[in-house]
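pasting a predicted model and its sequence here:
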Amino acid sequence: MGVFSRLSDIINSNINAMLDRAEDPEKIVRLIIQEMEDTLVEVRSRAARAIADKKEVERKKAEFEARANEWESKAELAIAKGRDDLAKGAIAAKRKAQEMVELFDKEFQAIDQSLVKANDDLEKLQSKLKEAKAKQRSLEIRRNVAADSVKVNRHVYDGRIDEAMARYERYERRIDELEAEAESYVMGRKRSLEDEFRELEAEDDVNAEFEALKQRVAGRASNS
């Protein structure tokens, strides 16, 4: 399936408009890039042949210029030797060589113009190819982002997660109830003899620390 029918279609194409009309933009942009790359190879190949032709024409033109100069020298020699017949023949040969030089010159100019056009087309084609590849990267990024978003949302809004969280909350509630039950067993229970002695010992420790602190404070006061 070809997207473009000729090079001018590529150069004048509106890629965004083409993608807006496409049912499958990613497929279309791949086809566009493939056809542009194929056309790029073809245009470069033609340009390479034209450059080779230009070199050949330039070489042949130089050969006939040398021939024309050579026949002119021979005509001068013939005139100097009194051989007018040979001089006229040399002049005729020189004119034919000059005609060939003019033909090759026109061909050279035509090839040169075609190379200028090819270079301009290549620049425009490469610009369009760059645009198409940027659009392809943009589509790939958007597709990946959308796919990731779908995956995340699928997990976020999956009922199994809500159900698991609800089970976790019920489990926490059960632990709270067990802890409360354990605490309820010691509520209102009479203190044991050991508990009362521990409290007395703790009270003695507090009193001892209190008296020591009072003495330090009184000592600092007397010194001042």
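Happy to help now that I have it.

element containing residue 121?
Residue 121 belongs to helix 84-156 when elements are defined using DSSP states H and E.

just residue 82 next, same as before
Taking DSSP H and E as the definition, residue 82 sits outside all helices and strands.

avg pLDDT for stretch 76-87?
Stretch 76-87 shows a mean pLDDT of 92.

I'd like the numbering to begin with 129 instead of 1 from here.
Let's use 129 as the start, then, which means that last one is stretch 204-215.

just give me how far that stretch sits from the chain centre.
74 Å (CA atoms, centre = their mean, to the nearest Å).

check stretch 212-228 too.
Going by CA atoms, centre = their mean, where stretch 212-228 is centred and where its chain is centred differ by 65 Å.

any buried residues in that stretch, and which?
Going by neighbour count (16 or more other CB atoms under 10 Å), the buried part of stretch 212-228 is 215, 218-219, 221-222, 225-226, 228. Glycine gets a C-beta too; all of them are placed from N, C-alpha and C.

distance of residue 295 from residue 304?
Plainly put, residue 295 is 15 Å away from residue 304 if you go by CB to CB, to the nearest Å.

ok, residue 258 next?
From residue 258 across to residue 304, the span is 65 Å (CB to CB).

now swap in residue 218 and tell me
Counting by CB to CB, the gap from residue 218 to residue 304 is 123 Å.

CA-only coordinates of stretch 227-244 in PDB, if you can.
The C-alpha trace of stretch 227-244 is given here as PDB (Å, rounded to 0.1, in the frame of the first residue of the first chain):
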ATOM      1  CA  GLU A 227      29.800  22.100 -31.900                       C
ATOM      2  CA  MET A 228      30.300  19.100 -29.700                       C
ATOM      3  CA  VAL A 229      31.800  21.300 -27.000                       C
ATOM      4  CA  GLU A 230      28.600  23.400 -27.100                       C
ATOM      5  CA  LEU A 231      26.400  20.300 -26.900                       C
ATOM      6  CA  PHE A 232      28.300  19.000 -24.000                       C
ATOM      7  CA  ASP A 233      28.100  22.400 -22.300                       C
ATOM      8  CA  LYS A 234      24.300  22.500 -22.600                       C
ATOM      9  CA  GLU A 235      24.100  18.900 -21.300                       C
ATOM     10  CA  PHE A 236      26.400  19.900 -18.400                       C
ATOM     11  CA  GLN A 237      24.200  22.800 -17.500                       C
ATOM     12  CA  ALA A 238      21.000  20.700 -17.600                       C
ATOM     13  CA  ILE A 239      22.600  18.100 -15.300                       C
ATOM     14  CA  ASP A 240      23.800  20.800 -13.000                       C
ATOM     15  CA  GLN A 241      20.300  22.200 -12.700                       C
ATOM     16  CA  SER A 242      18.900  18.800 -12.100                       C
ATOM     17  CA  LEU A 243      21.400  18.300  -9.200                       C
ATOM     18  CA  VAL A 244      20.300  21.600  -7.700                       C
END
